[in-house]
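> coordinates only, sequence not included:
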């Protein structure tokens with residue numbers, strides 16, 4: 001392997017890691033469904049701009065290193081013909097609304113120019129999606145692996161894996177299905193694995209290593225509370241006693257980008273996310289563009305954050321872009337001084353690991369793609385003390401690291417499992433654990449299933465995995481669309497137990513099975529046999545596991 005950054009001897013590295021994920025939301029039973037808007041917004045605001053930024057680096061000869069996880073639920077939605085068709089319909093409605101807004105705001109120059117900006121933005125998204133990428137965003141991402149992008153795998157349905165215990169087969173099945181889906185979709189063996197919510201516990205190590213996974217990530221305290229305490233804190237990876245490399249999140253880079261109060265996204269010149277014409281203008285005017293029959297975000301947002309006040313000033317894109325460039329330069333400046341200081345106190349070059357939800361860039365933080373673009377360009381053009389690196393690249397350069405028993409952790413509030421396991425959502429786990437126990441029983445019982453039974457077993461596995469998604473518990477905690485999250489949890493569990501009862505009775509309703517296969521059609525490569533306990537592992541309770 002060639003040197004990462006010849007010929008200069010850099011002081012340290014920056015590893016930017018983006019986690020792209022959305023829960024599986026697909027409702028063919030309805031002509032349109034409000035929650036599908038989550039996907040449409042993310043494509044327009046984040047995924048297409050990210051592809052554009054990377055293409056710009058390639059076109060301009062800017063070497064980059066970027067790590068990106070794409071969850072199977074998101075990948076399945078991006079590849080789904082129904083959702084692709086509905087996304088194009090969504091763009092057509094958005095373009096029509098933007099045209100109408102250009103007429104409505106003719107006498108208001110500040111808003112008129114923004115309406116024109118959004119019209120151009122939506123039309124550009126339509127052209128890119130339909131013609132440049134031919135609806136194949138996954139293939140477009142795979143293309144950039146030849147230029148500096150490292151794609152890594154994640155769990156099948158974004159289950160918080162430590163909370164699948166005490167049934168270890170459920171965690172193994174989530175990991176196995178996630179890695180297999182990554183291999184089939186991208187044609188690559190992933191070196192890394194994003195643990196949903198950075199949820200780590202040591203019993204996951206064997207399942208990751210069995211799938212050829214080389215490294216994963218944990219939150220800061222997952223390393224700092226390890227035994228022994230890591231010599232280099234989070235500025236070098238560690239190996240667990242079982243041989244898995246673990247990188248820890250850097251606090252400083254997280255706060256600068258994540259925090260809406262202390263970080264860059266809260267700057268008063270940036271676009272105000274929570275002010276959308278979908279909630280400001282008369283319903284009669286908006287109704288033709290909102291097929292769900294309720295108010296929703298349209299993507300047309302005319303105001304900047306302005307300050308901690310209800311009064312908002314019009315958004316100025318040029319001013320915001322200049323501010324994003326300024327913040328990017330500040331971010332790089334801070335990383336340079338950070339690695340210079342660390343290098344003086346370490347016998348190896350430090351790595352600053354900066355993981356973020358991909359959807360932060362563009363969706364929640366409209367200017368995020370501009371910021372990311374400028375960070376990479378600034379590092380390339382100006383400074384030689386810090387360089388971009390992927391985790392694989394760093395391990396290739398520094399294969400010898402300290403052995404540490406990493407602590408159980410997440411990157412949620414308070415750092416452990418409270419967000420997904422508290423009064424608003426703890427009721428789900430007795431049902432999820434009973435379903436996992438039942439799935440183990442079915443996987444052991446059916447060693448030679450008929451073709452219909454095999455289909456039913458695999459669909460039962462899909463329904464269980466969908467019920468295990470951490471998104472539903474998170475929504476119940478945050479109180480956003482709680483009714484939807486509760487309904488999804490209950491529906492998937494009901495479908496699972498219905499299939500399980502039919503299998504146990506030897507009477508699979510093929511019509512019902514076909515209906516579920518058509519509705520919950522993700523993970524075409526799932527294999528129910530992953531739920532069988534491994535040799536030497538007892539079924540049911542995992543007596544040696546600790547979270």
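All right, it came through fine. As the structure is a computational prediction, the values presented were derived from the model and not from experiment.
> Check which residues of stretch 178-198 are buried.
178-183, 185-186, 190-198 (16 or more other Cβ atoms under 10 Å). (Each C-beta comes from the backbone N, C-alpha and C, glycine too.)
> Revised request: answer the last question for stretch 274-285.
Buried residues in stretch 274-285 (16+ other Cβ under 10 Å): 275-278, 281.
> Stretch 292-307 now?
When burial is assessed from 16+ other Cβ under 10 Å, stretch 292-307 yields the following buried residues: 296-306.
> Can you name the two of the residues you listed that sit furthest apart?
296 and 306 (23.3 Å; Cβ to Cβ).
> Tell me which of the buried residues of stretch 178-198 fall in strands.
Using DSSP state E, the subset of those located in strands is 192-194.
> where do the helices sit along the stretch 401-547 of the chain?
428-445, 451-467, 470-478, 482-505, 510-519 (DSSP state H, counting those that start in this stretch).
> Tell me, how many residues neighbour residue 103?
Each residue near residue 103 was counted by other Cβ atoms under 10 Å, and the total is 9.
> quick check: angle from whichever strand or helix holds it to helix 510-519?
Element membership for residue 103 (DSSP states H and E) is helix 81-104. With axes from the mean of the first three to the mean of the last three Cα atoms, to 10 degrees as the criterion, the two stretches helix 81-104 and helix 510-519 enclose an angle of 50 degrees.
> Name the next helix or strand downstream of helix 81-104, please.
The first helix or strand that comes after helix 81-104 along the chain, using DSSP H and E, is helix 109-127.
> In the protein, where is pLDDT below threshold?
1-8, 383, 535-547 (pLDDT under 70).
> which helix is the longest one in the protein?
helix 317-344 (DSSP state H).
> I'd like to know which elements that helix is packed against.
For helix 317-344, the contact count by 3 or more Cβ pairs under 8 Å, 6 or more residues apart in numbering; DSSP states H and E identifies strand 12-20, helix 251-258, strand 351-357, helix 368-381, strand 386-388 as packing neighbours.
> rerun at 10 Å
Judged by 3 or more Cβ pairs under 10 Å, 6 or more residues apart in numbering; DSSP states H and E, helix 317-344 is in contact with strand 12-20, helix 109-127, helix 251-258, strand 351-357, helix 368-381, strand 386-388.
> which helices and strands does the second one pack with?
Meaning helix 109-127. For helix 109-127, the elements it packs on are helix 48-59, helix 81-104, helix 277-280, helix 317-344, judged by 3+ Cβ pairs under 10 Å, 6+ apart.
> how about a cut-off of 8 Å?
Against helix 109-127 (3+ Cβ pairs under 8 Å, 6+ apart) you get helix 81-104.
> same question, the third one
For helix 251-258, the helices and strands in contact under the criterion 3+ Cβ pairs under 8 Å, 6+ apart are helix 317-344, strand 351-357.
> Pick the most buried one from those.
Burial among those, expressed as mean neighbours by mean count of other Cβ atoms under 10 Å, is greatest for strand 351-357, which shows a mean of 22.
> what angle sits between that one and helix 368-381?
When the same axes, to 10 degrees is applied, the directions of strand 351-357 and helix 368-381 differ by 160 degrees.
> neighbouring contacts of strand 351-357?
For strand 351-357, the external contacting residues (Cβ atoms under 8 Å, 6 or more residues apart in numbering) are 12-21, 198, 217, 234-237, 247-250, 253-254, 257-258, 335, 338-339, 386, 389, 391, 394.
> so who does residue 303 touch?
271-272, 275, 312-315.
> change it to 7 Å
For residue 303, the contacting residues are 272, 275, 312-315, by Cβ atoms under 7 Å, 6 or more residues apart in numbering.
> can you list the buried residues of stretch 274-285 in a markdown table and add distance to residue 478?
Converted to a markdown table, the buried residues of stretch 274-285 look like this (distance: Cβ to Cβ, whole Å):
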| residue | distance to residue 478 |
| --- | --- |
| 275 | 20 |
| 276 | 19 |
| 277 | 25 |
| 278 | 20 |
| 281 | 27 |
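> closest to residue 504 among the ones in strands among the buried residues of stretch 178-198?
residue 193 (33.8 Å).
> Hmm, the closest one is touching residue 218, no?
No - Residue 193 lies out of contact with residue 218 (Cβ atoms under 7 Å); the separation is 11.6 Å.
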